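> What shape does this take:
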Amino acid sequence: MLSRFRNRRSRKGFTLIELIVVLFILVGLAALIIPTVSGMVGRTTASTSASSIGNVANAIQRYEAQFMQYPDNFDSLKTSLATGTELDTLDAAFVAATEEVTLSLTKRAPLTAAGITSVGIHTTGDGSYALATPTALTNTTVLRGPTTATQVALGLEKTGVAGKYIVLGVGSITDMKGKTMIEPPAAFPSDGSINPVLTYRRFMAIFQINDGTNPLTRAKLVGVLAPDASSVSTELGNYFTLTQPNN
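Numbering: from 1, shown residues only. Next comes the predicted model:
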């Protein structure tokens, strides 16, 4: 009897049955926790992006109110103004939602009147924090603008018109830096494989340069997009969808 008691006291560790029970408990907890954590990451991304879109738009508008023109040296989202090749680290969704817009004397005039005369050119492989090279706009500069379908999807138009808008990145060399914002924000990625150092994750400003028939006298800001071309309403919609009890 005494030896049996001693054997029980000297036994260490778990039995196989006990280990299996513990394993099942851990698996059950993981099934509950992982979706919750994933949902939190998604909600954080959506809410942060929506907030940044508003902050960027506000900074541009305050700059215009203070200096009577828009800030210069936005990012062109091109690696070459001569060839019109887009920056190869742009989000695929953004590239699909936009198309090339070739400036002309009449299309460039509204930008010049609004204070936008130069854009930053990146090189292949540049991410969010690489400094672009300031380059003067010309009458043959190739930029990017929303497709007609994107114009409708964003609520800018009921019927999209090609070449009516251009999209420029709010990057590190913008004239707003140190004036109406300390540093232009980069979007928080929901996908852990996206590295802002290697991928362009800045927010984009949409400027209208044409009324559908004629160039505007002066370009005007009409919206700000996240790096994947989503708007603030889209990001807020994503946030509230992710907060539903079944998500």
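
> Can you find the helix or strand in this structure with the smallest mean pLDDT?
helix 232-242 (a mean of 40; mean pLDDT, DSSP states H and E).

> what comes up buried for stretch 175-193?
D175, M176, K177, T180, M181, P184, P185, A186, A187, F188, P189, S190 (16 or more other C-beta atoms under 10 Å). For the C-beta atoms, the positions are set from N, CA and C on the backbone; glycine is no exception.

> For those residues, work out which two are farthest apart.
Farthest pair in the buried residues of stretch 175-193 (C-beta to C-beta) is D175 and S190. Separation: 30.4 Å.

> pLDDT weak spots in this structure?
Applying pLDDT under 70 to the chain flags residues 1-14, 16, 18-22, 24-46, 190-192, 231-247.

> Relative to whichever strand in the chain runs longest, what are the paired strands and their orientations?
In the chain, taking DSSP state E as the definition, the longest strand is strand 215-225. According to DSSP bridges, strand 215-225 forms sheet pairs with strand 204-210 (antiparallel).

> one step back: what's the offset of the longest strand of the chain from the middle of its chain?
Put simply, strand 215-225 sits 19 Å off its chain's centre (C-alpha atoms, centre = their mean, to the nearest Å).

> next one: stretch 216-227
The chain centroid and the centroid of stretch 216-227 are separated by 16 Å under C-alpha atoms, centre = their mean.

> which parts of it are buried?
Buried positions in stretch 216-227, judged by neighbour count with 16+ other C-beta under 10 Å: L216, R218, A219, V222, G223, V224, L225, A226, P227.

> Which member of these is positioned nearest V56?
V224 (4.9 Å).

> Show the contacting residues for the closest one.
I53, G54, V56, A57, I60, V170, F203, M204, A205, I206, S231, V232 (C-beta atoms under 8 Å, 6 or more residues apart in numbering).

> Now the fourth one: which helix or strand?
Just to be clear, that refers to A57. helix 16-67 (DSSP states H and E).

> Determine how far the helix or strand that that helix is followed by lies from the middle of the whole chain.
Going down the chain from helix 16-67, the next helix or strand is strand 74-75, by DSSP H and E. Here strand 74-75 is found 14 Å from its chain centre; the criterion is C-alpha atoms, centre = their mean.

> Likewise for stretch 155-169?
With C-alpha atoms, centre = their mean, you get 18 Å for stretch 155-169.

> Can you show me the CA trace of it as PDB?
Taking Å, rounded to 0.1, in the frame of the first residue of the first chain, the C-alpha atoms of stretch 155-169 are listed here in PDB:
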ATOM      1  CA  GLY A 155     -20.200  58.500 -56.900                       C
ATOM      2  CA  LEU A 156     -18.300  61.200 -58.900                       C
ATOM      3  CA  GLU A 157     -20.500  60.800 -62.000                       C
ATOM      4  CA  LYS A 158     -23.700  59.100 -63.100                       C
ATOM      5  CA  THR A 159     -22.000  58.600 -66.500                       C
ATOM      6  CA  GLY A 160     -18.300  58.500 -66.500                       C
ATOM      7  CA  VAL A 161     -16.200  60.700 -68.800                       C
ATOM      8  CA  ALA A 162     -12.700  59.700 -69.800                       C
ATOM      9  CA  GLY A 163      -9.900  62.100 -68.900                       C
ATOM     10  CA  LYS A 164     -12.000  64.200 -66.600                       C
ATOM     11  CA  TYR A 165     -10.000  63.500 -63.500                       C
ATOM     12  CA  ILE A 166      -6.400  62.700 -62.500                       C
ATOM     13  CA  VAL A 167      -5.100  60.900 -59.400                       C
ATOM     14  CA  LEU A 168      -1.900  61.900 -57.600                       C
ATOM     15  CA  GLY A 169      -0.200  60.200 -54.600                       C
END
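
> Buried residues of that stretch, list them for me.
Within stretch 155-169, the residues that count as buried by 16+ other C-beta under 10 Å are L156, E157, G160, G163, K164, Y165, I166, V167, L168, G169.
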